[in-house]
Every structure is written in C-alpha cells, then in structure tokens.
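Visitor: Would you be able to build a 3D model of this:
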Amino acid sequence: MNSSLVQPRLAEIRLHPIKALDPVLVQEARVGPAGSLELDRAWALYTVDNRWVNGKRSPAIFLIRANFSPDLGSVKLSAPGDPRIIPTREFAFPQEAEIAAEWFSVYFDQQIIVRHSQNGFPDDSDAHGPTIVSTASLQAVCDWFPGVDLHEARRRFRTTLEIDGVPAFWEDRLFGPRNTYAVRFRIGDVDLEGSNPCARCSVPPRDSYTGAEAMNGFQKRFSDLRREQLPSWATAEYFDHFYRLATNTRVPISETGKTLRVGDPVALQ
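Guide: Modelled structure (predicted):
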C-alpha cells in the first residue's frame, strides 16, 4: 500500500501517570500549562538524596503494577511478581502522593519521596511536550528483535503519542538543522514543534514486566540497524549516536487547555 495515500492520524495516547510505572491508554488528553499532557508523569519517585527511582537505577520497580481507575482518579499499587507479601493499596490520584510514598518506602525498604507536579516530570528539560513515534517505527524495532512484540515495544520505549498512516521513522521529519526554525506540525487542533530525536537508556533491553535483561548486545544491534536504516529526511547532525527513537517536542503556551484525541489528523505545517 502506498503510505502517501493514507492520512496520518493519532493512533494511540499513552500516559504514564507515575513516572517509570505502567502506562494508561486513553482516548483523549489535554495539554497542560508547560506543554506536557495533563496527568502524564504527574508523580515521580525520589530517594532522600534527591535521585530518581526508575528502571535505570532500581530494577525492582519493574515488578510494581499500577492499575488506574478509568477516570485516573485513583491507582492501585501492587507487586505480584515480588516474592515478599506486599499488600495492594489504593490511593487517590494525584492527591495522595505523600501517603503513597509510605507504600513505596515499604516496597523499596528505604525512604521514598513521591513528588507531584501538574507540569509532569519530563526526561528532556528543554522539550516538555509529548514524545512522538510512529507505529511503523515500533514495528521495525519488533522486526529487529523478534522476541519483542508491538505491545512490549510500546511499554519499553514509553512514548506518549503514536502516529499511524506513515512509514517507519516518519517522526525523524519533525526536527531540522540546528539554529533554524523549528519544524511545526498539527495534531487535530493542537500545534506542536519538533525538537530532537529521543536518546534511549538502559530500560528498552529489559522485559517491561520483570526487568530481566535477556538481550545481550541490544544497544549495539539497535544502533547499527538505526544507522543503516536512517531515512533520507532525518537530520544526521542530531545523531551523535544512533541509540535514539521517537521525537521530543515543544508545545506553545497558546495550546494550553486544548485536547488531543485518538483519530485526530496529523499534518506538517
């Protein structure tokens, strides 16, 4: 099928209400005041010495399940994969961050601080908007690593917005040469700007449910294939290394309060 004849559209919205924990698939999400989506990465876990608790530093976090109510107004935390008996607890979200910190402190056997921000806790401090990837890009990664299916690829790369009706690595169109105007695009009624390709960490090689790292050489193979298949429309100067997937974005303040919806058309401006 000729992908140029297909209208690009927003296929999925995945929020990660608690940074480093399970995603939630939603049909729509509002843009917050800093450009991130409301309730995305609204809680983040910290140690008392102000270090993030995440999959890079704390493999035990993979065993935690966060099950949200349909309206995201509450979350049940459990650890069914942990050999210890950790009681399941339900908390109002996002109000009961301090109370939830007690549950996390018991689980990690150290004091944990849960911080809440209406602007979220984005990985890229310069580009607070949602990360974007195409379904075809994720499928390409599945083809590179046959043990990873599409569901698991989504969980491992933790991207917020997924676009279909486009070829693999289409999202590399969303950033141009440095020191030039940002690439602008629109999803539904929301204007966004591309920033840069997202550098990946030590999380994608790991099973998203257990934390087991069963893929030796994942980063090297990924980087080699990404380099080989870098599309002609990508701005190569951003690739100081090729362990990158998805595009970081910025959202103008004028878009605050607007809503992204699954099925919205996507268009470059």
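
Visitor: could you list every residue that touches the nearest residue to residue 15 once chain neighbours are set aside?
Guide: Closest residue in space to residue 15, ignoring its immediate chain neighbours: residue 40 at 4.5 Å, by CB to CB, 6 or more residues apart in numbering. Every residue, glycine included, has its C-beta placed from N, CA and C. Contacts of residue 40 were listed using CB atoms under 8 Å, 6 or more residues apart in numbering, and they are 15-17, 29, 120, 130, 160.

Visitor: top of these by neighbour count?
Guide: Highest neighbour count within these: residue 130, with 28 neighbours (other CB atoms under 10 Å).

Visitor: re earlier: export the contacts of residue 40 to CSV and tack on secondary structure?
Guide: Formatted as CSV, these follow (DSSP: H, G, I helix; E, B strand; the rest coil):
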residue, secondary structure
15, strand
16, coil
17, coil
29, strand
120, coil
130, coil
160, coil
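
Visitor: Can you tell me which of those residues comes closest to residue 63?
Guide: For these, the residue nearest residue 63 by CB to CB is residue 16; the value is 16.6 Å.

Visitor: ok, the closest residue to that closest one other than its chain neighbours - contacts?
Guide: Of all residues not flanking residue 16 in the chain, residue 23 sits nearest, at 5.2 Å (CB to CB, 6+ apart). Contacts for residue 23 (CB under 8 Å, 6+ apart) come out as 14-16, 154-155, 158.

Visitor: if I look at the residue of the chain positioned farthest from its centre, how far off is residue 102?
Guide: The C-alpha centroid of the chain is most remote from residue 85, which lies 29.8 Å away (CA atoms, centre = their mean). In this view, residue 85 and residue 102 are 16 Å apart by CB to CB, to the nearest Å.

Visitor: hmm, back to that, and which of the contacts of residue 23 is nearest to residue 213?
Guide: residue 155 (14.8 Å).

Visitor: quick one: low-confidence parts of this structure?
Guide: 1-5, 214 (pLDDT under 70).

Visitor: Can you find which strand in it contains the most residues?
Guide: Longest strand of the chain, by residue count under DSSP state E: strand 190-199.

Visitor: Report the contact partners of residue 204.
Guide: 156-157, 218, 222.

Visitor: now the helix or strand hosting residue 136: how far from the chain's centre is it?
Guide: Using DSSP states H and E, residue 136 sits in helix 135-144. Centre-to-centre, helix 135-144 and its host chain are 16 Å apart (CA atoms, centre = their mean, to the nearest Å).
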